[in-house]
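Colleague: Show me how the following folds:
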Amino acid sequence: MMIHVVDTNSAEHTHVVFNASMIQVLMSAYPVSPIAFYAGGPHQIQVAKYLSTEEKERLRLYPIEEKKPVSGKLRKAFKVISNLISDGLLFWRIFSRAKKTGSDKIIVLKAHPTSILLIKALKRIYTRVEAMVVVHGEIEFIYFTDNAWEREMAYLYKRIVRTPAPNFRYILLNKISKSKLVLDQHLKPHEIIEIDHPYPYSKTIPTKISQAPLPVTIAQVGGLSIRKNAHQVYSLAQLLSGPIAAGQLRFVSIGSIDEDAAPYRNTLVSDFTNGKKGGYISRQTFVEEVRKIDYAVFFYGPEQYIFRASGSVMDVIDFTKPIIALRHPFFEYLTNQVGNIGFLCADLGEMAEILSRIGKRDTEVISKYDEQSANLDKFKQMYGTEFIANDFKQQVSG
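Modeller: The predicted structure follows:
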């Protein structure tokens, strides 16, 4: 049996950590099966950096042409058609290879929704070939959209979930979205595999707030966009301008800043984009800066990121940095699994109150830091590669 792992849509540096982690999960779940990895060559190189020598030896690389963005309506339309044809030929070859053994599995880590529809069409021919597609956050567009592009994605994903296909399942990257998709009758339970988001957790030792000098560093982690409500970090900083001026607190944003959030920027929140809209920061800079912070703040609304597994949250967990966030099902899930991970608040006012007390080194608040950090470390230990691999394999076989 061979495991065919496919990503036809990621650029060189996107989804690298997740793809590497998912490959490790599959290697653990199927320890004697070769893994074929189809993706753009530059992307494959980046993924390989996260794999051990032994893992790289098991991996069979099949480079495909990397998709690059183009400008102009006519060129974009031509590119969409060209990409669909190339994806169709690729998946046709993979399904043909998989059919020969009768036991191969095809797992698509990322593909354009039109290509997912194409896969479902191929499944009518290759009915016995087992295929699974990882569902990323775009499926949330079924529920709400903000612009024409999102409405187009919503139309495609509604077509995807309504199109039947034999021996086909979706992989969800958290444990909170399956129930909603089933309850709302978009998918049936047997069509879904739900796993915790895989991540290459390090052996970071939990930090102690008592050892940190003032100011306490508070970070918005990951891409800063209105869709994430992350622009609220600027409002939160304004509420705490006094403690910031007094040197008790320091606010930073670690990640790119989307153009839609740029108008909200202020001098109370530092960043690492050198003033560029949508500025990219390297993974090295990202990791170095997250390592330095004391707390991470998140602003997801209760209906946001139900279907998106935030890699930024995984980064924060990896460095065992306590979380201060608006109440959200995912953070409540983490709390239910391992205990106190930080402070879940009703609104910005409550977040500001907690942070003000942290800036003053309020013993009642600060004394919880070590427990919160240790619980995040517990989550790392409990939900590592082997655990997720076993969970995945049980659901696939069930």
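
Colleague: can you map out the strands along the stretch 201-350 of the chain?
Modeller: Taking DSSP state E, counting those that start in this stretch as the criterion, the stretch 201-350 of the chain carries its strands at 216-221, 249-254, 269-271, 295-298, 323-326, 342-345.

Colleague: Ok, which of those strands comes nearest residue 316?
Modeller: With Cβ to Cβ as the measure, strand 295-298 is the member of those nearest residue 316 (4.3 Å). (Each C-beta comes from the backbone N, C-alpha and C, glycine too.)

Colleague: what comes into contact with that closest one?
Modeller: 216-221, 228, 230, 233, 236, 290, 310, 312-313, 316, 321-326, 328, 331, 342, 351, 355, 358 (Cβ atoms under 8 Å, 6 or more residues apart in numbering).

Colleague: Work out the sheet partners of that strand and label each with its direction, please.
Modeller: strand 216-221 (parallel), strand 323-326 (parallel) (DSSP bridges).

Colleague: Can you add mean neighbour count and give these back as JSON lines?
Modeller: What follows is the strands paired with strand 295-298, written out as JSON lines (neighbours: other Cβ atoms under 10 Å):
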{"stretch": "strand 216-221", "mean neighbour count": "24"}
{"stretch": "strand 323-326", "mean neighbour count": "22"}
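
Colleague: still on that earlier bit, can you add mean pLDDT and distance to residue 35 and give the strands of the stretch 201-350 of the chain back as TSV?
Modeller: Formatted as TSV, the strands of the stretch 201-350 of the chain follow (pLDDT from 0 to 100; distance: least, Cβ to Cβ, whole Å):
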stretch	mean pLDDT	distance to residue 35
strand 216-221	96	31
strand 249-254	96	32
strand 269-271	95	38
strand 295-298	97	33
strand 323-326	97	34
strand 342-345	97	36
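
Colleague: Adding distance to residue 174, write these out as JSON lines.
Modeller: Shown next, in JSON lines, are the strands of the stretch 201-350 of the chain (distance: least, Cβ to Cβ, whole Å):
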{"stretch": "strand 216-221", "distance to residue 174": "17"}
{"stretch": "strand 249-254", "distance to residue 174": "22"}
{"stretch": "strand 269-271", "distance to residue 174": "28"}
{"stretch": "strand 295-298", "distance to residue 174": "14"}
{"stretch": "strand 323-326", "distance to residue 174": "15"}
{"stretch": "strand 342-345", "distance to residue 174": "17"}
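
Colleague: so which of those gets nearest residue 263?
Modeller: Nearest of the strands of the stretch 201-350 of the chain (Cβ to Cβ): strand 269-271, 13.5 Å.

Colleague: Show me what the closest one is in contact with.
Modeller: Applying Cβ under 8 Å, 6+ apart, the contact partners of strand 269-271 are 220, 224, 233, 234, 237, 250, 251, 252, 253, 254, 257.

Colleague: just checking, the first one touches residue 254?
Modeller: Yes. Using Cβ atoms under 8 Å, residue 220 and residue 254 qualify as a contacting pair, with a distance of 7.2 Å.

Colleague: how near is residue 364 to residue 272?
Modeller: Counting by Cβ to Cβ, to the nearest Å, the gap from residue 364 to residue 272 is 33 Å.

Colleague: The two: which has the busier surroundings?
Modeller: Taking neighbours as other Cβ atoms under 10 Å, residue 364 and residue 272 compare with residue 272 leading, 17 against 7.

Colleague: contacting residues around the more buried one?
Modeller: Contact analysis of residue 272 by Cβ under 8 Å, 6+ apart lists 252, 253, 254, 279, 281, 285, 289.

Colleague: Check what pLDDT residue 211 gets.
Modeller: The model reports residue 211 with a pLDDT of 58.

Colleague: secondary structure class for residue 85?
Modeller: When classified by DSSP: H, G, I helix; E, B strand; the rest coil, residue 85 comes out as helix.

Colleague: Can you report how many residues lie near it?
Modeller: Neighbourhood size, residue 85 [other Cβ under 10 Å]: 11.

Colleague: do residue 139 as well
Modeller: By other Cβ under 10 Å, the residues close to residue 139 number 24.

Colleague: Repeat that for the one 5 residues further on.
Modeller: Burial measure for residue 144: 10 neighbouring residues, criterion other Cβ under 10 Å.

Colleague: distance of the closest residue in space to it that isn't next to it in sequence from residue 143?
Modeller: Leaving aside its chain neighbours, residue 144 sits nearest to residue 303 (7.5 Å; criterion: Cβ to Cβ, 6 or more residues apart in numbering). For residue 303, the distance to residue 143 equals 7 Å [Cβ to Cβ].

Colleague: quick one: pLDDT of residue 275?
Modeller: Residue 275 carries a pLDDT value of 64.

Colleague: ok now do residue 388, which residues does it touch?
Modeller: 25, 195, 196, 198.

Colleague: Dump the residues you listed to JSON lines, plus distance to residue 99, neighbour count and pLDDT.
Modeller: Formatted as JSON lines, those follow (distance: Cβ to Cβ, whole Å; neighbours: other Cβ atoms under 10 Å; pLDDT from 0 to 100):
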{"residue": "25", "distance to residue 99": "25", "neighbour count": "23", "pLDDT": "98"}
{"residue": "195", "distance to residue 99": "26", "neighbour count": "21", "pLDDT": "95"}
{"residue": "196", "distance to residue 99": "32", "neighbour count": "21", "pLDDT": "93"}
{"residue": "198", "distance to residue 99": "28", "neighbour count": "27", "pLDDT": "93"}
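
Colleague: quick one: which two of those are the most distant?
Modeller: 25 and 196 (10.1 Å).

Colleague: Residue 23 against residue 60, yeah?
Modeller: No. If you go by Cβ under 8 Å, residue 23 and residue 60 don't touch, sitting 11.3 Å apart.

Colleague: Quickly list what's touching both of these two.
Modeller: Both residue 23 and residue 60 are contacted by 35, 37, under the criterion Cβ under 8 Å, 6+ apart.

Colleague: who's more crowded, the two?
Modeller: Taking other Cβ under 10 Å, residue 23 and residue 60 do not tie; residue 23 has more neighbours (24 against 14).
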